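Undergrad: Predicted coordinates and the sequence they were generated for:
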Amino acid sequence: MTQIVILPHVELCPDGAVIDAAAGISLCDALLENGIDIEHACEKSCACTTCHVVVREGFNALEPSEELEDDLLDKAWGLEPNSRLSCQVILNETPLVVEIPKYTINMAKEGHTKK
């Protein structure tokens, strides 16, 4: 099991949380399975930035991001060097500390879909 510390987020987990999740699943799935309703507008297909998180601890133990994720992250609100899309982070045994940014950009919801 992987321990994940989620820093306080005013809407999703005001007091923060500590959860245990199975290695081999995505960080997004782990959050959702533990009642942290992180937005995932593209249904975890790496097509938006709504599940953006900042990995405060454990970042270097994660598999590197791929080019598609990097391209999407460039559009994320509050991008930091240790930002990731939680749908693309596959958990290993390394404990993580993650922060869910205060805001998210949902291109479909905000009327910015491609025509």
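TA: Great, that's in hand. Not measured: the values here are computed from a predicted model.

Undergrad: give the contact list for the spatially most central residue of the chain.
TA: Central residue of the chain (CA atoms, centre = their mean): residue 86, 2.7 Å from the mean position. Neighbouring residues of residue 86 by CB atoms under 8 Å, 6 or more residues apart in numbering: 26-28, 31, 38, 40, 51-53, 98. Using the backbone N, CA and C atoms, a C-beta is placed for each residue, glycine as well.

Undergrad: Spatially, which two of these are the most separated?
TA: Spatial extent of these (CB to CB) is set by the pair 40 and 98 at 14.6 Å.

Undergrad: just the helices in the protein please.
TA: 27-33, 67-73 (DSSP state H).

Undergrad: List of residues touching stretch 55-63?
TA: Contacts to stretch 55-63, defined as CB under 8 Å, 6+ apart, come from residues 5, 7, 82-84, 89-90, 92, 94-99.

Undergrad: how far out from the middle of the chain is that stretch?
TA: Between the centre of stretch 55-63 and the centre of its chain there are 12 Å (CA atoms, centre = their mean, to the nearest Å).

Undergrad: Any buried residues in that stretch, and which?
TA: Across stretch 55-63, burial judged by 16 or more other CB atoms under 10 Å covers 55, 58-59, 62.

Undergrad: returning to what we had before: may I see the helices of the chain organised as CSV, with distance to residue 104, mean pLDDT and mean neighbour count added?
TA: Formatted as CSV, the helices of the chain follow (distance: least, CB to CB, whole Å; pLDDT from 0 to 100; neighbours: other CB atoms under 10 Å):
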stretch, distance to residue 104, mean pLDDT, mean neighbour count
helix 27-33, 13, 97, 20
helix 67-73, 12, 96, 14
